[in-house]
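> Have a look at this prediction, sequence included:
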Amino acid sequence: MIVTTDTGSATVLLGPNGERVRIRSLARRAMLTSACEAFDHLRLSPGAHHVLPGRPDAETVLHVLRGAAVIGQLADQPDHLASDGDLLLARKGRTLWIEAGPLGAELLCLTLAVPRHRAGTRASRARRRAEHCDRP
């Protein structure tokens, strides 16, 4: 297992008004399990904005460690005000917009690969098993 303990490996993004988003990757694919795409630590300065682009093959879990943040998924849905201890799950393909509150925000972001299944595969297997069990 690879553990990141230093602070030098962080990426810092600067907003137009000097807001900061600090991203430190704690793990990437092949470090944990094949389902884990990324495990990141996000620190947003007060009022900072950050976009986590959605992917059709991945879901995102956000855990708010400190502070408050407004998190939005779609333009036609209401945003969520998340604070200390809140956990948010974004379905696959959803882009997340994050805006830190007046005291900033600190979050853990876990991105998980969603297994691809062919349509009807599970249902047809279950049907075959049921038919096999019903035979005399």
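Thanks, I have the structure now.

> What are the buried residues along the strand or helix carrying E106?
Per DSSP states H and E, E106 falls inside strand 96-113. Residues of strand 96-113 classed as buried by neighbour count (16 or more other CB atoms under 10 Å): 96-101, 104-107, 109-113. Quick note: C-beta positions are derived from backbone N, CA and C, even for glycine.

> what does stretch 78-87 give?
A82, D86.

> Quick one: end-to-end distance for that stretch.
End-to-end distance for stretch 78-87: 17 Å, by CA to CA, to the nearest Å.

> do the same with stretch 90-103
Start-to-end, stretch 90-103 (CA to CA) is 24 Å.

> contact partners of that stretch?
Residues lying outside stretch 90-103 but in contact with it, judged by CB atoms under 8 Å, 6 or more residues apart in numbering, are 19, 42, 44-62, 67-74, 79, 83, 105, 107, 114.

> List only those of those flagged as buried.
If we count by 16+ other CB under 10 Å, the contacts of stretch 90-103 have these buried: 19, 42, 44-45, 48-50, 52, 54-55, 58-60, 62, 67-69, 71-73, 105, 107.

> so what's V21 scoring on pLDDT?
At V21, the model reports a pLDDT of 74.

> Start at 847, not 1
OK, 847 is where the count begins now, so the last one is V867.

> Count the residues that sit near it.
Taking other CB atoms under 10 Å as the neighbour definition, V867 ends up with a count of 21.

> Remind me which helix or strand it belongs to.
Following DSSP H and E, one finds V867 within strand 866-874.
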